[in-house]
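In: need coordinates for the following:
(one chain, ligands or ions: 1)
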Amino acid sequence: MSMSLTKDTTSSAPIQVRGACPHDCPDSCALLTTVENGVATRVQGNPGHPHTDGVLCTKVARYTERSYHAERLLVPLRRSGPKGSGQFVPVSWDQALADIAGRLQAIAARAPEAILPYSYAGTMGLVQGESMDRRFFHRLGASQLERTICASAGAEALAQTLGDKVGMKLEFFAQARLILIWGSNPIGSHLHFWRYAQQAKRNGARLVCIDPRKTETADKCHEHLALRPGTDAALALALMHELIRNDWLDHDYIARHTLGWQALRERALQWTPERAADVCGLPVAQIRQLARDYGSTRPAAIRLNYGMQRVRGAGNAVRAVVCLPALTGAWRDPAGGVLLSSAGQFPVRRAVLQRPDLMPARRPRSINMSTIGDDLLRPTLASFGPQIEAVIVYNSNPVAVAPESGKVVQGFAREDLFTVVLEHFQTDTADYADYLLPATTQLEHWDIHLSYGHTDILLNRPAIAPLGQARSNARIFRDLAAQMGFAEPAFADQDEQLCRQAFGDAVDYARLQAQGFATLKLPDAPFAAGGFPTPSGKCEFFSARLAAQGLDGLPDYLPNHELQGSSARHPLAMISPPARHFLNSTFVNVRSLRAIEIEPLLEIHPDDAQARGIASGSLVRVFNDRGSYHCRASVSHRARPGVVNGLGIWWRKLGLNGTNVNQVTGQALTDLGRAATFYDCLVQVAVA
Ligand code: SF4
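Out: Next comes the predicted model:
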């Protein structure tokens, strides 16, 4: 269908509008959008924001290309062909809202839990991501969604060890003398941290990358430890072993500010570097050297990221790593410690924004978003509750990004499933919608943001009027609430009011309006004298809360669900890190970015390629018992022997044969946090 874009033409002189990048990235950049005659002509980094420093990544620097994309959805659409055909006809908003409300009301009258919201971090904004939508589903009594697809294993591990998603301040990495970049590729996906790491490097710091893949970041570090996927806990325990054996410990810090030291000591002493080397596939000397560096360098900082926690033992691995700074007392220095996520430091008023009090007295069941493939296919069962009859998808593209996508597709293809999708584009998931509603982009709506990298709050003002008939997510849920007769005042709050409610008096809103961001007032070295937000106030090596659940109270190495060597038919371990110019499945349809990535790639080590007759550029099939997908081989030392890197996440319909890497990933969950295990996946590869 061809549609022309409607551009606001109300203003004349160019203006610059302050905003925030909405994408799932720890950098949370401050944006400056230039608007001329109502048209956004340029999106830049705000030079006044210290973390952004005027620089955006390649993806968002092209944001106008995305917002004014010829394929933007501009009017509500109703399905006109078979499920999944992607055939739609335009309808009015009134008609769409009335039909959707009617369908949801009929289901809710029988079984409100048969309605499922499905959303994630398509926008990180608190208003367009977790405000009016939550109020709507709470009031409806719909199933709760466990939002586990990316970060919940690490989040739970942090909660059990440090007390919350807390850690070092990002800017102090510039002053560290040693930085371990663990499970992260900042050149590709955390650019503004990399700037601080570079600053440290120029001042003489040593940079160490710990990652199964030889990333662009690994290329620029002094040392790269290419461990097997899912073995990070073994490495961390061996580092502890060496710290203990060589007495590179801060005994005073351990005594005052940690809990469970003797038990952890005994556990760690079982992990010799030799044992860990065998598990991790690393040279013993490399582990010993890393321990020596970590034990003898001050300040030493660890930038942990989510790459390491997409495997069975994810939570334990994060727990093991975040214990390290308490052993050496690294927390004493602002430039020492660890950072996985800073998100727990923001005083967000989630109860005010989301209004869980609107839920029925009996809390509805929860559905785990990481098992949507199985759950959409379940019938009504006493153990499960009612069959899912309706899904409302926003800020997510589950057909492309959820694991075991063969089953996800089968679920969304159910004729009896009523599916509503709020989107900018006709994604793989949108193809399965019964109603496809045009949503505004970040340039067109209000929002307010925290960050999981730095510690600034950012305000996003709309720079331009909504394109076509697009409406903000918050407005769509407000309109649906009105259609369904929800009379509570909470459903009257407008988008900017929601921005003000998010932090209340905890932020100077006038400052936010004036400069676009406001920095939290936090100590430079938050745990120099302990004071962790755990029940004990200490860094909990031993977690009584985990033990009370019947789990191991100490961190340990848990082998992958799909342990390499356990399957002769599928001998290769696969990880699926993001292609550099995509952010999960966002940006795949931006032509200039897709032109850089060209085709879905599988990096494979020369030894593994040779054994299979694969050359660079060969079309290959990657497969296991869950399915198969096609991609182009890149024979490269970026892959370690025995491990292949399937770069993601391509839209299925823009890939090579209508599938993508998630055709082979599985739905098994992590040890803590019930998260997805995308990198715990055995496959075989053959020339297609
Ligand atoms: S670096 Fe991250 S936060 Fe900054 S513009 Fe790019 S995606 Fe957005």
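In: among the helices and strands of this structure, which has the poorest mean pLDDT?
Out: helix 591-597 (a mean of 75; mean pLDDT, DSSP states H and E).
In: is that helix anywhere near the ligand?
Out: No: counting by Cβ under 6 Å from any ligand atom, the ligand is not contacted by helix 591-597; separation bottoms out at 11.8 Å. Heads up, the C-betas are built off the backbone N, CA and C, glycines and all.
In: contact partners for the residue lying closest to L554 once chain neighbours are set aside?
Out: For L554, ignoring the flanking residues on the chain, the nearest one in space by Cβ to Cβ, 6 or more residues apart in numbering is R267 at 5.1 Å. Contact analysis of R267 by Cβ atoms under 8 Å, 6 or more residues apart in numbering lists 237, 554-556.
In: give me the number of residues near the residue in the stretch 501-650 of the chain that the ligand sits nearest to?
Out: Distances between the stretch 501-650 of the chain and the ligand by Cβ to the nearest ligand atom are smallest at L583, namely 5.8 Å. L583: 22 surrounding residues under other Cβ atoms under 10 Å.
In: let me see the backbone angles for the closest residue to D447 other than its chain neighbours.
Out: Using Cβ to Cβ, 6+ apart and skipping residues adjacent in sequence, the residue nearest D447 is G125, 3.3 Å away. When read as degrees, to the nearest 10, the backbone of G125 gives phi -60, psi 140.
In: how far away is G125 from the ligand?
Out: 12 Å (Cβ to the nearest ligand atom, to the nearest Å).
In: list the buried ones in stretch 264-279?
Out: Across stretch 264-279, burial judged by 16 or more other Cβ atoms under 10 Å covers 264-265, 267-268, 271-273, 275-277, 279.
In: okay, and which of those residues map to helices?
Out: 264-265, 267-268, 273, 275-277, 279 (DSSP state H).
In: looking at those, which is nearest G373?
Out: V279 (30.3 Å; Cβ to Cβ).
In: one step back: of the contacts of R267, closest to M484?
Out: P555 (47.1 Å).
In: phi, psi for the closest one please.
Out: Residue torsions, per degrees, to the nearest 10, at P555 are phi -70, psi 150.
In: same thing with T272?
Out: Dihedral pair for T272: phi -70, psi 160, per degrees, to the nearest 10.
In: over to V622?
Out: As for V622, its main-chain torsions (degrees, to the nearest 10) stand at phi -110, psi 130.
In: so how many other residues sit close to it?
Out: With other Cβ under 10 Å as criterion, V622 counts 28.
In: could you pull up the mean pLDDT of stretch 520-530?
Out: Averaging pLDDT along stretch 520-530 gives 97.
In: report the buried residues of that stretch.
Out: Buried-residue list, stretch 520-530, by 16+ other Cβ under 10 Å: 520, 525-528, 530.
In: tabulate those residues (CSV), appending distance to the ligand and secondary structure.
Out: Output for the buried residues of stretch 520-530, formatted as CSV (distance: Cβ to the nearest ligand atom, whole Å; DSSP: H, G, I helix; E, B strand; the rest coil):
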residue, distance to the ligand, secondary structure
L520, 18, coil
A525, 26, coil
P526, 23, coil
F527, 26, coil
A528, 29, coil
G530, 32, coil
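In: remind me what the least confident helix or strand of the chain packs against, helices and strands.
Out: helix 58-61 (3 or more Cβ pairs under 8 Å, 6 or more residues apart in numbering; DSSP states H and E).
In: hmm, the helix it packs on in reach of the ligand?
Out: Yes: using Cβ under 6 Å from any ligand atom, we find that helix 58-61 touches the ligand at 59-60.
In: distance from that helix to the middle of the chain?
Out: Remark: helix 58-61 is offset 18 Å from the chain centroid, using Cα atoms, centre = their mean, to the nearest Å.
In: quick one: mean pLDDT over it.
Out: On average, helix 58-61 scores 87.
In: pull out the buried positions in the helix or strand that that helix is followed by.
Out: Sequence-wise, the next helix or strand downstream of helix 58-61 (DSSP states H and E) is helix 63-67. For helix 63-67, the neighbour count (16+ other Cβ under 10 Å) marks 63-64, 66-67 as buried.
In: against which helices or strands is the helix or strand just after helix 63-67 packed?
Out: On the C-terminal side of helix 63-67, the closest following helix or strand by DSSP H and E is strand 77-79. Counting contacts by 3+ Cβ pairs under 8 Å, 6+ apart, strand 77-79 is packed against strand 88-90, helix 93-110, strand 435-438.
In: among those, which is nearest the ligand?
Out: Nearest of these (Cβ to the nearest ligand atom): strand 435-438, 22.5 Å.
In: could you point out the helix or strand that follows that closest one?
Out: Downstream of strand 435-438 (by DSSP H and E), the next one is strand 447-449.
In: make TSV out of the buried residues of stretch 264-279 and add pLDDT.
Out: Below are the buried residues of stretch 264-279 laid out as TSV (pLDDT from 0 to 100):
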residue	pLDDT
L264	98
R265	98
R267	98
A268	98
W271	98
T272	98
P273	98
R275	98
A276	98
A277	98
V279	98
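In: nearest to R79, of these?
Out: Once Cβ to Cβ is applied, the member of the buried residues of stretch 264-279 that ends up nearest R79 is V279, at 50.4 Å.
In: name the nearest residue to the closest one, sequence neighbours excluded.
Out: In space, and not counting its chain neighbours, V279 is closest to A234: 4.2 Å by Cβ to Cβ, 6+ apart.
In: secondary structure element for the one you found?
Out: Counting by DSSP H and E, A234 is found in helix 232-245.
In: please point out which parts of that helix sit buried.
Out: For helix 232-245, using 16+ other Cβ under 10 Å, the buried residues are 232-244.
In: near the ligand, which residues of the chain show up?
Out: Residues of the chain lying near the ligand by Cβ under 6 Å from any ligand atom: 21, 23, 25, 27-29, 56-57, 59-60, 191, 583.
In: mind doing that once more with 8 Å?
Out: 21-29, 31, 45, 52, 56-57, 59-61, 189-192, 583 (Cβ under 8 Å from any ligand atom).
In: among those, which lie within helices?
Out: Those of the residues of the chain next to the ligand lying in helices (DSSP H): 59-61, 189, 191-192.
In: switch these over to a markdown table; also include neighbour count.
Out: Shown next, in a markdown table, are these (neighbours: other Cβ atoms under 10 Å):
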| residue | neighbour count |
| --- | --- |
| K59 | 20 |
| V60 | 22 |
| A61 | 14 |
| S189 | 25 |
| L191 | 18 |
| H192 | 25 |
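In: out of those, the closest to the ligand would be?
Out: Taking these together and measuring to the ligand by Cβ to the nearest ligand atom, the closest member is V60, at 3.4 Å.
In: just give the nearest non-adjacent residue to that closest one, would you?
Out: Nearest non-adjacent residue to V60, counting by Cβ to Cβ, 6+ apart: C21, 5.4 Å away.
In: for that neighbour, give me its contacts.
Out: Going by Cβ under 8 Å, 6+ apart, the list of residues near C21 reads 27-31, 56, 60, 442.
In: right, and the helix or strand after the lengthiest strand in the chain?
Out: Secondary structure assigned by DSSP state E gives strand 627-635 as the longest strand of the chain. In the C-terminal direction, the helix or strand that comes right after strand 627-635 (DSSP H and E) is strand 643-646.
In: quick one: contacts of stretch 269-289?
Out: The contact list for stretch 269-289 (Cβ under 8 Å, 6+ apart) reads 223, 225-228, 231, 234-235, 237-242, 244, 291, 557, 640, 642.
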